[in-house]
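K.L.:
predicted model and sequence follow; I will ask about them next.
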Amino acid sequence: MSHTGEKPFTCAECNKCFRQLSGLKMHHMIHTGEKPFTCAECNKCFRQLSGLKIHHMIHTGEKPFTCAECNKGFIELSRLKKHQMIHTGEKPFTCAECKKSFRDLSELIRHQMIHTGEKPFTCAECNKSFIKLSNLKRHQMIHTGEKPFTCAQCNKSFSHLSRLKEHQMLHAGKKPITCSECNKSFCHLSMLKNHQKSHTGEKPFTCAECNKCFRQLSGLKIHHMIHTGEKPFTCAECNKSFIELSRLKNHQMIHTGEKPFTCTECKKSFRDLSELKRHQMIHTGEKPFTCTECKKSFIKLSNLKRHQMIHTGEKPFTCARCNKSFSHLSMLKNHQKSHTAEKPFTCAECSKCFRQLSGLKIHHMIHTGEKPFTCAECNKSFIELSRLKKHQMIHTGEKPVTCTECKKSFRDLSELKRHQMIHTGEKPFTCAECKKSFIKLSNLKRHQMIHTGEKPFTCAECNKCFRQLSGLKIHHMIHTEEKPFTCAECNKSFIELSRLKNHQMIHTGEKPFTCIECKKSFRDLSELKRHQMIHTGENPFTCAECNKSFIKLSNLKRHQMIHTGEKPFTCAECNKSFSQLSRLKQHQMMHTGEKPFNKIQIENKRSQKKLLERTNRHGLQRHKEIIQTNKLA
């Protein structure tokens with residue numbers, strides 16, 4: 001019958017035909033599930049005695065068929081013959097569709113199913129179909145939870161023997177396959193082949209939706225779910241769904257609190273091995289991914305790719321609402337929450353809401369006081385690593401980002417972008433109350449507190465309230481008399497670094513801000529702006545009691561104390577109170593006997609005050625006339 005091709009024996013279940021009755025009987029066991037031959041070692045069952053005998057060699061370690069080329073042993077002769085084709089390069093079976101060649105007929109038949117779309121093996125649980133029966137069996141273990149292969153070293157179990165063998169190489173420290181390009185070693189040939197594509201840049205699998213390319217078909221399949229929205233793996237605790245089973249398992253550890261991988265350096269624990277390995281690079285300083293443009297290095301490949309978009313200007317993810325583009329999908333998703341005002345993560349301590357879980361975690365450290373990142377130079381600690389790195393640039397003096405307009409340098413790109421708005425005049429954040437615009441969102445929020453009157457930060461010493469925590473911290477130094485910033489020229493100390501820098505200009509004589517009206521120069525921009533109000537006649541701060549107007553808010557506050565009678569500064573010697581700190585200090589000199597001014601100096605100060613009053617009364621108009629004459633000349 002083998003010569004005629006006749007197959008007289010037909011299966012009543014599926015109509016498959018066979019040449020011999022024995023072949024039909026053996027096939028029929030697939031439908032009945034009958035497996036009469038059982039392994040005495042592991043109770044695995046087989047349809048044929050020959051299958052049991054071959055399986056038994058796994059337990060005995062017997063491999064009677066050896067390759068003459070490389071001495072690799074095999075359980076079956078058919079496997080040896082197939083292996084030998086690797087050495088000879090022989091691939092006698094060719095696909096008529098794509099001309100790809102294979103070593104045996106079964107490989108060709110499976111391959112042809114890609115062209116026909118045929119997947120004859122279907123899972124009874126979820127109806128997912130597979131080309132190979134072995135793939136179906138491996139898949140079914142997800143539903144049954146079966147992991148029959150156990151590591152003798154650590155008792156970890158696996159659903160497949162190949163996975164166990166790969167795992168055992170970790171214990172042995174054995175990675176027998178090495179990349180010829182970079183000498184990186186791998187446990188498995190398939191891993192090496194996938195890795196080698198990173199050197200060649202080969203990405204043979206292309207998404208039909210967006211033309212993104214992938215090294216592996218599995219990567220393309222996972223990516224395609226982004227377009228279809230398919231997330232087949234769902235968490236039983238919170239119903240959150242995932243594209244991959246591995247991501248679901250990683251997520252489930254949030255509910256269980258399981259973190260099985262621990263750093264030997266600092267005892268910090270992680271949910272998966274890859275997280276631990278990336279963390280360990282912080283201790284070793286290793287950054288294996290380097291940008292070819294600027295030589296900046298990164299711990300993660302994804303971080304390098306995100307960074308490279310700065311050089312290419314690529315922003316492939318666009319907001320459908322406002323057409324703003326982003327270099328990363330996560331940035332787009334976070335941005336989209338600004339349109340919906342969605343802030344799903346809430347602080348249990350103060351009920352403040354956040355768009356991202358990472359933002360909530362960072363915020364929570366304010367309540368716990370945790371600052372895990374410490375500067376080796378000055379022991380100052382920070383909540384985030386990025387803030388530590390930015391701080392360290394103060395010690396190194398590093399300012400790697402430079403403005404093309406004025407050559408001023410900055411520590412990070414965000415600082416540069418804000419600075420560039422000075423040149424462009426751009427102020428994207430506008431107050432809905434008074435239409436005043438700001439370069440930074442934080443400045444707008446701070447400004448809005450003027451309208452709302454909100455001052456959430458209160459001094460425990462004197463109950464004075466502040467809009468910002470930084471303002472409270474600076475104020476608190478008045479009570480502690482702490483002045484951490486000292487001038488190297490005259491040893492005068494200051495509460496803030498900005499005040500020290502402003503003071504140092506007295507010694508250098510530097511006045512970088514010049515009035516375009518009268519060419520008078522000033523040490524800082526705020527002084528110039530206040531001065532310009534003399535020319536415009538603008539007094540933006542008005543007293544609600546008497547309508548008197550002032551150039552500076554501080555002058556208005558000082559004036560309002562006349563109406564309120566408030567005198568918050570009290571002398572410890574005689575309990576006399578004053579509306580200003582300067583007046584208190586002047587008064588305290590009476591008790592100490594200190595006389596910082598001699599009679600001539602006092603007379604000079606009085607003369608200067610009278611001169612200033614006369615100038616204010618009579619000289620401003622004349623001052624403006626001189627400026628106008630100079631302009632016309």
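P.N.:
Ah, there it is.

K.L.:
and stretch 456-470, average pLDDT?
P.N.:
For stretch 456-470, mean pLDDT is 85.

K.L.:
start to end distance for it?
P.N.:
12 Å (C-alpha to C-alpha, to the nearest Å).

K.L.:
distance from the chain centre to that stretch, please.
P.N.:
The chain centroid and the centroid of stretch 456-470 are separated by 33 Å under C-alpha atoms, centre = their mean, to the nearest Å.

K.L.:
what are the contacting residues of it?
P.N.:
Stretch 456-470 is contacted by residues 446, 449, 454-455, 471-472, 475-476, 479, 568 when judged by C-beta atoms under 8 Å, 6 or more residues apart in numbering. Every C-beta, even on glycine, is put in place using the N, C-alpha and C of the backbone.

K.L.:
including distance to C319, could those go into JSON lines?
P.N.:
Converted to JSON lines, these look like this (distance: C-beta to C-beta, whole Å):
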{"residue": "R446", "distance to C319": "26"}
{"residue": "M449", "distance to C319": "29"}
{"residue": "E454", "distance to C319": "30"}
{"residue": "K455", "distance to C319": "35"}
{"residue": "G471", "distance to C319": "34"}
{"residue": "L472", "distance to C319": "37"}
{"residue": "H475", "distance to C319": "41"}
{"residue": "H476", "distance to C319": "42"}
{"residue": "H479", "distance to C319": "47"}
{"residue": "P568", "distance to C319": "49"}
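
K.L.:
name only those of the residues you listed that count as buried.
P.N.:
471-472, 475-476 (16 or more other C-beta atoms under 10 Å).

K.L.:
can I get the contacts of stretch 456-470 in TSV with distance to T38 and secondary structure?
P.N.:
As requested, the contacts of stretch 456-470 are exported to TSV (distance: C-beta to C-beta, whole Å; DSSP: H, G, I helix; E, B strand; the rest coil):
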residue	distance to T38	secondary structure
R446	77	helix
M449	78	helix
E454	77	coil
K455	80	coil
G471	79	helix
L472	77	helix
H475	82	helix
H476	79	helix
H479	84	helix
P568	92	coil
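
K.L.:
point out where the stretch 351-500 of the chain drops to low pLDDT.
P.N.:
The stretch 351-500 of the chain contains no residues with pLDDT under 70.

K.L.:
can you give me the strands for it?
P.N.:
All strands of the stretch 351-500 of the chain, identified by DSSP state E, counting those that start in this stretch, fall at 353-354, 373-374, 381-382, 401-402, 409-410, 429-430, 437-438, 457-458, 465-466, 485-486, 493-494.

K.L.:
possible to save these as JSON lines with distance to M26?
P.N.:
Shown next, in JSON lines, are those (distance: least, C-beta to C-beta, whole Å):
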{"stretch": "strand 353-354", "distance to M26": "63"}
{"stretch": "strand 373-374", "distance to M26": "66"}
{"stretch": "strand 381-382", "distance to M26": "70"}
{"stretch": "strand 401-402", "distance to M26": "73"}
{"stretch": "strand 409-410", "distance to M26": "76"}
{"stretch": "strand 429-430", "distance to M26": "77"}
{"stretch": "strand 437-438", "distance to M26": "80"}
{"stretch": "strand 457-458", "distance to M26": "82"}
{"stretch": "strand 465-466", "distance to M26": "85"}
{"stretch": "strand 485-486", "distance to M26": "89"}
{"stretch": "strand 493-494", "distance to M26": "92"}
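
K.L.:
thinking again about what came up before, closest to L217 out of the contacts of stretch 456-470?
P.N.:
Among the contacts of stretch 456-470, R446 lies closest to L217 (C-beta to C-beta), at 52.9 Å.

K.L.:
quick check: closest non-adjacent residue to that closest one.
P.N.:
Spatial nearest neighbour of R446, excluding adjacent residues (C-beta to C-beta, 6 or more residues apart in numbering): R467 at 5.8 Å.

K.L.:
where's that neighbour relative to F457, distance?
P.N.:
Relative to F457, R467 is positioned 7 Å away (C-beta to C-beta, to the nearest Å).

K.L.:
and those two? Which one has more around it.
P.N.:
Taking other C-beta atoms under 10 Å, R467 and F457 do not tie; R467 has more neighbours (19 against 15).

K.L.:
what about that one, distance to F494?
P.N.:
Counting by C-beta to C-beta - R467 and F494 are separated by 22 Å.

K.L.:
also L77?
P.N.:
88 Å.

K.L.:
flag the shaky bits of the chain, pLDDT-wise.
P.N.:
Checking the chain against pLDDT under 70 turns up 1-5, 170, 173-176, 187-188, 595-633.

K.L.:
and it, what are its domains?
P.N.:
The chain breaks down by automatic domain parsing into domains covering 119-200, 431-632.

K.L.:
how about JSON lines for those, with distance to C70 added?
P.N.:
Below are the domains of the chain laid out as JSON lines (distance: least, C-beta to C-beta, whole Å):
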{"stretch": "domain 119-200", "distance to C70": "12"}
{"stretch": "domain 431-632", "distance to C70": "65"}
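
K.L.:
so H199 sits against S180, correct?
P.N.:
No - if you go by C-beta atoms under 8 Å, H199 and S180 don't touch, sitting 9.2 Å apart.

K.L.:
okay, those two: which has more neighbours?
P.N.:
Comparing H199 with S180 by other C-beta under 10 Å, the one with more neighbours is H199, at 11 against 8.

K.L.:
what's near enough to touch the more buried one?
P.N.:
Shown in contact with H199 (C-beta under 8 Å, 6+ apart): 179, 181-182.

K.L.:
repeat that for 6 Å
P.N.:
With contact taken as C-beta atoms under 6 Å, 6 or more residues apart in numbering, H199 is in contact with E181.
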